[in-house]
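*Asks:* missing the sequence, but the structure's below:
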């Protein structure tokens, strides 16, 4: 026993086990680690070699006799019927059946959903009524023919901890330094932290050997931080899938990446929430082969990954995190130095920009070495079951750690809305793991922030390489360190790569301007049925009367339908040049622009409205857009639109806006007969990152309307002469 072994046994008595025994038995039986460790802690709680050997034999005999395999449920039921009672190791949970007004137990592998159970068991073990617990369950056979059940629970002994005492965790944590506690966590999942540190020092810029440890700790975050989205791509045999399937009964691994709306999110027929309502974390194995069973799944996943909620006939909320793991066999230097490929190349095509942008952390799995026999921890670590309860407790608690976040976290340049959310959630996850009690030093906090920003930057760099415009171009994110200095964070694999830091932008913006068919919106296929009905009614109301023309009249120079391609880097285009001819004479202009959450997007809207005001014909503007990804973001959008509305009132233009989360298409419809299809909406300009002010542009709108009438313009609390 080394120093850390002694401290673990001192501060967490009965909650630790020798991990080398787990590795040895795990090679011969396919049983979850937390089940094996429960048995090892009972039969191998000794340092005497002979007693340990006898204990291992006992563990193997118990598993062979009592563990129920999923394909042996009929055999297990027959054993109970023949012997009248038998002890099993299985996962059991209890449900209340309303129509019968009684409780029934169900065992996961035993295959029966109608097992009678005495109230004393689920009253004493409250988790039976939640997600269920692993337990030693003695089942007896009911020989009363009149009864509607064949089996009943005679005795039950939890393998999982029935009650978790967080105060003992907090008191125990005080006995360890930060580095020691990190090593405890890594030891507890069976990896030798010294092995990691030795290999970590070979990585670029990692002198203290912490980098690989932080990679491993990042795998924990979806288990301690609700509604967290992470991705790890890397080599085989590095423990990615194993981690999410073995160390917590609150995490599930979807093998092969199978996913459907009904199983994952919500089953409309059964009116039942899917996996996101039952697990702390849903991990997707082999994400490159992920199969999307229906078209709605990805769209609903986007909503859930952004907000923890989605609409499926009704509002559904959940707390489960998503962890995507997969193999990446391509050469990393080749990819990062390529203008045509990126580090997300193996993801399925269904993962568009919106899905990828919702990844909070990209763990560089290619840096993690293969786990071999030399990597195993042969010393003590926490029993997996106890560790899983620690993580489950932390999963439900955020408020205790927010004051530390608010005290220390100061971001620098280019940390935008979703970047900030990702940074905060990743930092919170590390705080929970490493400092369940107490708080880090300023230096330790800076280390966490730098790592969290790197994980988010890796996501943003790949988006920037893929996106032909500059929506994700602000990749040089920074934070303010303990000394008040701004620190820009880089990804080590791509820091010196021009292809990643300054990728070529390709692709055109296509704008199609065409005459409207009478009372018909050609974008119906891109909009919802409800939108189409509204647009039809609107067009019927405002379709202008066609003027008659004499047979010999000269054809005038009215604008003609056209299709326009604007190449990346082109200059000389403005909203006036693009749209003015088609907006002249329009009294009512309808604009559908879903995305206004970023500052530059609101600026583009204001520039477009400026063009409308200068023409002077419009009396009404109708805008439909999406809500933000948070209440604060939605409020920010609404505040900006209210300011525009106030400014436009003084110009004689009525401005209406509504929010809808169902819209996707971008277009302009005018009551003088034009339909303008917008490829990227109003956002055809490169986002150069300058800090234009919305109020300054609205001042120009005011001035256009009142330049000949008023000399004093009242703008909020300011007077401009």
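*Replies:* Alright, I've got the coordinates. Just so it is clear, the model here is predicted, and its values are computed rather than measured.
*Asks:* could you use CA atoms for every contact and neighbour count after this?
*Replies:* Noted.
*Asks:* I'd say residue 247 and residue 33 touch.
*Replies:* Yes: look at residue 247 against residue 33 with CA atoms under 8 Å: they come within range, at 6.4 Å.
*Asks:* in which helix or strand would I find residue 676?
*Replies:* Secondary structure from DSSP states H and E places residue 676 in strand 674-678.
*Asks:* what does residue 433 give?
*Replies:* helix 417-434.
*Asks:* may I see the buried residues of that helix?
*Replies:* Buried positions in helix 417-434, judged by neighbour count with 16 or more other CA atoms under 10 Å: 418-420, 422-434.
*Asks:* got the contact list for that helix?
*Replies:* 178, 181-182, 217-218, 220-222, 224-225, 228, 357-361, 391, 394, 398, 401-402, 405, 439-440, 448-449, 452-453, 456, 598 (CA atoms under 8 Å, 6 or more residues apart in numbering).
*Asks:* buried members of those residues into ChimeraX, please.
*Replies:* A single ChimeraX command selects the buried members of these (16+ other CA under 10 Å):
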select :178,181,182,217,218,220,221,222,224,225,228,357,358,359,360,361,391,394,398,401,405,439,440,448,449,452,453,456
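*Asks:* what is in contact with residue 247 and residue 33 at once?
*Replies:* Common neighbours of residue 247 and residue 33, using CA under 8 Å, 6+ apart, are residue 384.
*Asks:* and of the buried residues of helix 417-434, the nearest to residue 89?
*Replies:* When these are compared for distance to residue 89 (CA to CA), residue 433 wins out at 30.3 Å.
*Asks:* taking the centroid of the chain, which residue is nearest it?
*Replies:* Centroid check for the chain by CA atoms, centre = their mean gives residue 229 as the closest residue, at 2.9 Å.
*Asks:* got the phi and psi for that residue?
*Replies:* Main-chain torsions, residue 229, degrees, to the nearest 10: phi -120, psi 120.
*Asks:* I'd like the numbering to begin with 57 instead of 1 from here.
*Replies:* That works, and once the first residue is 57, the last one we named lands at residue 285.
*Asks:* in the chain, where's the longest strand?
*Replies:* strand 141-153 (DSSP state E).
*Asks:* count of residues packed around residue 371?
*Replies:* 8 (other CA atoms under 10 Å).
*Asks:* so, low pLDDT: which residues of the stretch 557-706 of the chain?
*Replies:* Scanning the stretch 557-706 of the chain for pLDDT under 70 picks out 561-564, 574-613, 623-625, 685.
*Asks:* what segments of it are helices?
*Replies:* 585-598, 631-639, 655-671, 687-705 (DSSP state H, counting those that start in this stretch).
*Asks:* closest to residue 400 out of these?
*Replies:* Among the helices of the stretch 557-706 of the chain, the nearest to residue 400 by CA to CA is helix 655-671 (26.5 Å).
*Asks:* and the angle for the closest one with helix 631-639?
*Replies:* 50 degrees (axes from the mean of the first three to the mean of the last three CA atoms, to 10 degrees).
*Asks:* tell me the pLDDT of residue 312.
*Replies:* Per-residue confidence at residue 312 stands at 61 (pLDDT).
*Asks:* if you could redo that for residue 260, that was the one I meant.
*Replies:* For residue 260, the predicted pLDDT is 70.
*Asks:* that one sits in which helix or strand?
*Replies:* With DSSP H and E as the test, residue 260 turns up in no helix or strand.
*Asks:* same thing with residue 532?
*Replies:* Under DSSP H and E, no helix or strand contains residue 532.
*Asks:* ok, it touching residue 543?
*Replies:* No: at 9.7 Å, residue 532 does not count as touching residue 543 under the criterion of CA under 8 Å.
*Asks:* re earlier: select, out of the helices of the stretch 557-706 of the chain, the one closest to residue 63.
*Replies:* helix 687-705 (45.8 Å).
*Asks:* partners of the helix or strand just after that closest one, with directions?
*Replies:* For helix 687-705, the following helix or strand on the C-terminal side (DSSP H and E) is strand 710-715. Applying DSSP bridges to the sheet, strand 710-715 is found paired with strand 676-681 (parallel).
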